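[1] Could you work out the structure for the sequence below:
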Amino acid sequence: MQQIASSTTSSDAPSVRYFVDYTPQPLGLRGTDALSLAPVSSGTGLAEAGAYQESYYIHGDLGDGYYLREALSVLVWMESGEFVATQPHLRLHAFGDDTFEAIINLSQVIVDHFNRLEELGDRVSPRLGYDRSVLRRLIVHNAQS
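    Next up, the predicted model:
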């Protein structure tokens, strides 16, 4: 595993780790054997509309005392001048002015979605109940953080 970047915006913000040559263990999500996505880029390093698409893996600190137990794939692309980060199997999206900001925002969306599903208890659809069970396996909360 080769780490190519690690960054934090403030002491409260989560860090995002970008990896190459890394394949996470399968998460057992419906319709897929693993959450690995092939990286695609424009070749220039510049994000041209419709030409930029990359996949990243995030793991560890999501912020607010929440942590991922396993690496989670994130797909990032450009749309209307903004970077879009998505976790397609959970159908969650976030936006940012750059790749890093979009991924940080997606990390917060994941935590917010998990908390909302926990608050709703049994009052969720079967699909959202399934998403909650997946998130329960992926996320751990350390209240002392």
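[2] So, low pLDDT: which residues of this protein?
    1-51, 143-145 (pLDDT under 70).
[3] Just the helices from it, written as ranges.
    99-120, 126-138 (DSSP state H).
[4] Deepest-packed of those, please.
    helix 99-120 (a mean of 19; mean count of other Cβ atoms under 10 Å). Heads up, the C-betas are built off the backbone N, CA and C, glycines and all.
[5] Tell me what angle it forms with helix 126-138.
    110 degrees (axes from the mean of the first three to the mean of the last three Cα atoms, to 10 degrees).
[6] CSV please, covering the helices of the chain and showing distance to L68.
    Output for the helices of the chain, formatted as CSV (distance: least, Cβ to Cβ, whole Å):
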stretch, distance to L68
helix 99-120, 8
helix 126-138, 6
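[7] who does the longest strand along the chain pair up with?
    In terms of residue count, the longest strand belonging to the chain (DSSP state E) is strand 66-79. Under the criterion DSSP bridges, strand 66-79 sits next to strand 53-63 (antiparallel), strand 82-87 (antiparallel), strand 139-141 (antiparallel) in its sheet.
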